[in-house]
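[1] what's the 3D shape of this:
(one chain, ligands or ions: 1)
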Amino acid sequence: MTGIGDLGDRAASGPITMLTAYNAPTARLIEESGVDIILVGDSLGNTVLGYDSTLPVTLAEMERHTAAVIRGTTEITVVADMPFLSYGVDLSESIRNCGRMLKDVGADAVKLESGPHTESLTEQLTDRGIPVMAHVGTRPQHAHQEGGLRQKGTTESEVAEIEQIAKAHADAGAFAVVIEHVPNSVGRSVTQAVDVPTIGIGAGPDTDGQVLVLADVLGLTEKTPPFSKQFGDVAGEMRSAIGDYRRAVEDGSFPGN
Ligand code: KIV
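    Predicted structure coming up:
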């Protein structure tokens, strides 16, 4: 089991693996497979709840799905994403919302999409014993402001900003930094700039670990991001099983006598 405090040592012995999950049965399978960390991502919105972005996801939805993941697992580290506007508006409300994820729901840590508005919050949370995973590069909660989910870190000023945000959050106490959809060189330079493990998604091979969205890995999404990889065809399996069931009922071979 890789605890939050063991992540640095874990990175020294090989890449950290993290996958998203949103319910008990898939979380159980992920834990059984030996993956290091489950992220209950707010990608819940697009991949499970039928929203077209992560913005509508509520704190109550994140709490419910994080609780389900925790019920499905025994000891794997579970990180809960904090949804849009549940943090970074009012300091005490942010601390209480993040604290609830640990105290009432049972998560091991929270993840915040990082920016100037989360720098001192990260320090305040860490001081109170709430471990924070930072998130830089493409930040889906900023999609409206940034013209969609485009790759970040393609200009010198963007690279400098990403490195600065990552460093400031590591200095503020973040135990790890997710780096999303940036050129490989930026994944590398951020990893060199911070003294905590980095976990990349579309950030190249030189981060300390990798994360993907489970629906993409399983082949459940209609459109996979360019940096992702489909490792199975679960949608195909589901179509086939559902079709077999329908045909068996219609032709009378199920349930049989
Ligand atoms: O919500 C999510 O699944 C994430 C990952 C893409 C890192 O934040």
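
[2] contacts for the helix or strand hosting residue 68 next, please.
    For residue 68, the element it lies in under DSSP states H and E is helix 59-71. Identification of contacts with helix 59-71 by CB atoms under 8 Å, 6 or more residues apart in numbering yields 21-24, 27, 38, 40, 42, 44, 48-49, 78, 80-83, 86, 97, 100-101, 104-107. (C-beta placed from N, C-alpha, C; glycine too.)

[3] pretty sure residue 84 belongs to a helix, no?
    No. Counting by DSSP: H, G, I helix; E, B strand; the rest coil, one finds residue 84 to be coil, located in no helix.

[4] can you count the residues close to it?
    Here the count is done by other CB atoms under 10 Å, and residue 84 has 20 residues near it.

[5] with residue 160 instead?
    Other residues close to residue 160 by other CB under 10 Å number 12.

[6] and the one 5 residues further on, by the same measure?
    Summarising burial for residue 165: neighbours were counted as other CB under 10 Å, giving 22.

[7] that one contacts residue 137, doesn't it?
    No. Counting by CB atoms under 8 Å, residue 165 does not reach residue 137; the two are 9.3 Å apart.

[8] re earlier: just the buried members of the contacts of helix 59-71?
    21-24, 27, 38, 40, 42, 44, 48-49, 78, 80-83, 86, 97, 100-101, 105, 107 (16 or more other CB atoms under 10 Å).

[9] how far away is residue 52 from the ligand?
    When distance is defined by CB to the nearest ligand atom, to the nearest Å, residue 52 is 14 Å away from the ligand.

[10] quick one: mean pLDDT over the helix or strand hosting residue 185.
    Remark: residue 185 resides in helix 184-193, with elements defined by DSSP H and E. For helix 184-193, the mean pLDDT works out to 98.

[11] show me what it is packed up against.
    helix 156-171, strand 176-180, strand 198-201 (3 or more CB pairs under 8 Å, 6 or more residues apart in numbering; DSSP states H and E).

[12] how about those in CSV, adding mean pLDDT and distance to the ligand?
    Converted to CSV, those look like this (pLDDT from 0 to 100; distance: least, CB to the nearest ligand atom, whole Å):
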stretch, mean pLDDT, distance to the ligand
helix 156-171, 97, 14
strand 176-180, 98, 5
strand 198-201, 98, 5
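
[13] alpha carbons only: can I get the helix holding residue 185 in PDB?
    This file holds the C-alpha atoms of helix 184-193, laid out as PDB (Å, rounded to 0.1, in the frame of the first residue of the first chain):
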ATOM      1  CA  ASN A 184       6.800  16.500 -22.700                       C
ATOM      2  CA  SER A 185       9.500  19.200 -22.000                       C
ATOM      3  CA  VAL A 186       7.200  20.900 -19.600                       C
ATOM      4  CA  GLY A 187       6.300  17.700 -17.800                       C
ATOM      5  CA  ARG A 188      10.100  17.300 -17.400                       C
ATOM      6  CA  SER A 189      10.900  20.800 -16.300                       C
ATOM      7  CA  VAL A 190       8.100  21.000 -13.700                       C
ATOM      8  CA  THR A 191       9.200  17.600 -12.300                       C
ATOM      9  CA  GLN A 192      12.800  19.000 -12.000                       C
ATOM     10  CA  ALA A 193      11.500  22.200 -10.500                       C
END
